[in-house]
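> let me see the structure of the following:
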Amino acid sequence: MRTVTTRKFYQWTEKQAVSVDDLKEAADELANGLYDADLGGHLFKKRVGVGNIGKRSGVRTIICFERNKKTIFIHGFAKNEQANITKKELKA
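Below is the predicted model of the structure:
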């Protein structure tokens, strides 16, 4: 399975110090059915631990996922910056 990110998401990960290993771990967990919310249309909300910081204090991501195909990280936000995605962001 191939894991990719959007350019905007990649720039965000650099600012948040999210490593490639952190993203790979999140993608593997998603493939095993571990996620926070199924948003419909192959979109999932997933917590990602950053380094030694646990998932609870880490970041949240929106991932486009289809089993045995691609995993695309499309949006991310830190819990201390935003509690959840807005309805407008979900619709987009």
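> reduced to three states, what does the spatially most central residue of the chain come out as?
Most central in the chain under CA atoms, centre = their mean is T61, positioned 2.6 Å from the mean C-alpha point. Using DSSP: H, G, I helix; E, B strand; the rest coil, the structure places T61 in strand.
> worst mean pLDDT across the helices and strands of the protein, which element?
Within the chain, confidence by mean pLDDT, DSSP states H and E is lowest for helix 87-91 among all helices and strands, at a mean of 72.
> what comes up buried for that helix?
Residues of helix 87-91 include none that count as buried (16 or more other CB atoms under 10 Å). (C-beta placed from N, C-alpha, C; glycine too.)
> list of residues touching it?
L39, H75 (CB atoms under 8 Å, 6 or more residues apart in numbering).
> dig out what the residue nearest to the centre of the chain forms beta bridges with.
K46, G76 (DSSP bridges).
> now swap in the one 10 residues further on and tell me
Listed beta-bridge partners, T71: T3, F65 (assigned using DSSP bridges).
> can you read off the pLDDT for it?
Here, the pLDDT recorded for T71 equals 93.
> with G54 instead?
G54 carries a pLDDT value of 73.
> quick one: low-confidence parts of this protein?
For the chain, the stretches with pLDDT under 70 are 82-84, 90, 92.
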